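Chemist: structural data only, the sequence is not supplied:
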Ligand code: GLN
């Protein structure tokens, strides 16, 4: 009995039928982590604690919904007593005194946090190449990036080490790596999951979410991850549905918005064909395709690259060598302490964002850049609001292509920024969106993105689940199709 490539649902059944013990599940996770050491998916492991928790469950069984389910946590979430680096040198010795609300929610539901996953530094990147702890390798190919910034989480699930991982998504960091690694990843509505204890990148865009093999598993995780939290002032105080309930509703008569403003001609023909085949599959399941217009969509990437750096320049000012994390040796005075600590502690991409952010917020340029970007952001949101008056979900490809080679995007950051061409608008508008595997090109997975209306995760999970019931792309692993 192995747990490799198994879903949460599979492992729950194996545990309940006593085909495997809780301790055996966790021991196998660590065996798989070691076998896959070359992926560099984990920064810190939580082995002794996890094994103890599993043994306790074997001694005293629990009926918590996710009892004994191993989960890898992105190293951006504070975990009490367990090192949390956010992929940065500036936090490489930081051990938080508390856990993020979403980590507590998952652990209170019975999940075992087996370790912290590698990521782009402060979640800035689309390839995991900005991590202070080195590249993560995509399990689908030796020199391929896993995407980013939740690259370690995506690689750990794709390699079958764990059935689930947490991720965060500010402009695409759950969906883009999910797509490049052939797994399912969901960014909920902004505010659904508490941001308390998540290390902030861009506070008005950041949102945590589940990464797993299937939409069904994402629903199980989301049920536990969401909560209203008074410690986060942007946490929504809205009813949280049971996300499993709607998974099987028939798609007959439901409407999928197809954005006519997206120019697919810049994409590889094969990627477009896979995308169009998936749309046909949805039509054969009874859904209708409806043309919609999002006229300001093309402004998403430039808008994001003003708003996100502005917010990050402010959020990252707290890393100054005084309160926590790395501190430069022997500064001559306070100013030198700040300057040296930050120069040594941050990588190039983080420094670039802080510079851009400080510039667009400066007195002389605020109106021209930051204020303008906020205005355009509102227009993008309005476009979505009017589109959703007549449709259930919107679909686009998740990314422009499949996983690319490590180092291949060269030194031009704009090429990397365009990785999130299709994902960023959902963050700007605060909408839920998910990527599911929908094909395979030269043995590399592709993904399709399903965007939902505000608070309507249930519909995107429903579309994703119905697709996964009638196709087997989510069953493919780097070793071939799973039986
Ligand atoms: N790739 C985008 C960026 O670099 C998005 C990252 C994210 O979603 N955290 O900012």
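Modeler: Arrived safely, thanks for sending. Note that this is a predicted model, so its numbers are computed, not measured.

Chemist: which elements pack onto the helix or strand encompassing residue 383?
Modeler: Secondary structure assignment for residue 383, by DSSP states H and E: helix 372-387. Under the contact definition 3 or more CB pairs under 8 Å, 6 or more residues apart in numbering; DSSP states H and E, helix 372-387 sits against helix 300-315, helix 424-429. (Glycine included, C-beta is placed from N, CA and C.)

Chemist: looking at these, which is buried most?
Modeler: A comparison of the helices and strands packed on helix 372-387 by mean neighbour count, using mean count of other CB atoms under 10 Å, puts helix 424-429 on top with a mean of 28.

Chemist: note down every partner strand of the next helix or strand after it and its orientation.
Modeler: Using DSSP H and E, the helix or strand that follows helix 424-429 towards the C-terminus is strand 433-441. According to DSSP bridges, strand 433-441 forms sheet pairs with strand 184-187 (antiparallel), strand 444-452 (antiparallel).

Chemist: which one of the helices and strands packed on helix 372-387 lies nearest to the ligand?
Modeler: helix 300-315 (5.5 Å; CB to the nearest ligand atom).

Chemist: so which strand or helix has residue 349?
Modeler: Using DSSP H and E, residue 349 maps to helix 348-361.

Chemist: tell me how far residue 302 lies from residue 308.
Modeler: Taking CB to CB, to the nearest Å as the measure, residue 302 falls 11 Å from residue 308.

Chemist: just residue 171 next, same as before
Modeler: Look at residue 171 and residue 308: by CB to CB, they are 6 Å apart.

Chemist: helices of the stretch 151-300 of the chain, start to end?
Modeler: Ranges of helices within the stretch 151-300 of the chain are 151-158, 175-181, 215-225, 269-284, 300-315, based on DSSP state H, counting those that start in this stretch.

Chemist: with mean pLDDT and distance to the ligand added, can I get those in TSV?
Modeler: Shown next, in TSV, are these (pLDDT from 0 to 100; distance: least, CB to the nearest ligand atom, whole Å):
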stretch	mean pLDDT	distance to the ligand
helix 151-158	98	11
helix 175-181	98	7
helix 215-225	98	17
helix 269-284	97	19
helix 300-315	98	6
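
Chemist: okay if I get the helices and strands packed on helix 372-387 as a markdown table plus distance to residue 394?
Modeler: Formatted as a markdown table, those follow (distance: least, CB to CB, whole Å):
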| stretch | distance to residue 394 |
| --- | --- |
| helix 300-315 | 13 |
| helix 424-429 | 9 |
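
Chemist: any idea which of the ones you listed gets closest to residue 167?
Modeler: helix 424-429 (13.2 Å; CB to CB).

Chemist: what mean pLDDT does the host helix or strand of residue 13 have?
Modeler: Using DSSP H and E, residue 13 sits within helix 8-16. The average pLDDT within helix 8-16 is 98.

Chemist: pLDDT of the helix or strand following that helix, averaged?
Modeler: Where DSSP H and E defines the elements, the next helix or strand beyond helix 8-16 is helix 22-35. Averaging pLDDT along helix 22-35 yields 98.

Chemist: sheet partners, orientation included, of the very next helix or strand once past helix 22-35?
Modeler: Sequence order places strand 42-45 as the next helix or strand after helix 22-35, per DSSP H and E. Partner strands for strand 42-45, per DSSP bridges, with pairing direction: strand 112-117 (antiparallel).

Chemist: do the strand it pairs with and the ligand meet?
Modeler: No - against the ligand, strand 112-117 shows no contacts by CB under 6 Å from any ligand atom, the least distance being 13.5 Å.

Chemist: rounded mean pLDDT for that strand, please.
Modeler: Mean predicted lDDT for strand 112-117 stands at 98.

Chemist: let me know which of the strands paired with strand 433-441 is tucked in deepest.
Modeler: Ranked by mean neighbours (mean count of other CB under 10 Å), those are led by strand 184-187, with a mean of 32.

Chemist: so which residues on the protein come close to the ligand?
Modeler: Residues of the chain lying close to the ligand (CB under 6 Å from any ligand atom) are 123-126, 149, 169-173, 201, 308, 420.

Chemist: would you turn these into JSON lines with distance to residue 244?
Modeler: Shown next, in JSON lines, are those (distance: CB to CB, whole Å):
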{"residue": "123", "distance to residue 244": "29"}
{"residue": "124", "distance to residue 244": "34"}
{"residue": "125", "distance to residue 244": "33"}
{"residue": "126", "distance to residue 244": "31"}
{"residue": "149", "distance to residue 244": "28"}
{"residue": "169", "distance to residue 244": "22"}
{"residue": "170", "distance to residue 244": "27"}
{"residue": "171", "distance to residue 244": "29"}
{"residue": "172", "distance to residue 244": "26"}
{"residue": "173", "distance to residue 244": "25"}
{"residue": "201", "distance to residue 244": "30"}
{"residue": "308", "distance to residue 244": "33"}
{"residue": "420", "distance to residue 244": "30"}
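
Chemist: give me the residues contacting the helix holding residue 349.
Modeler: For helix 348-361, the external contacting residues (CB atoms under 8 Å, 6 or more residues apart in numbering) are 88, 120-122, 124-125, 130, 305-306, 308-314, 316, 346, 365-366, 369-370, 373, 413.

Chemist: need the contact list for the nearest residue to residue 24 once chain neighbours are set aside.
Modeler: Spatial nearest neighbour of residue 24, excluding adjacent residues (CB to CB, 6 or more residues apart in numbering): residue 1 at 7.8 Å. Applying CB under 8 Å, 6+ apart to residue 1 gives the contacts 14, 19, 20, 24.

Chemist: mind giving me the PyMOL command for buried ones among those residues?
Modeler: Restricted to buried positions by 16 or more other CB atoms under 10 Å, the PyMOL selection for the contacts of residue 1 reads:
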select buried, resi 14+20+24
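
Chemist: identify, from the contacts of residue 1, the entry nearest to the ligand.
Modeler: Closest to the ligand, out of all of the contacts of residue 1 and judged by CB to the nearest ligand atom, is residue 14, at 33.6 Å.
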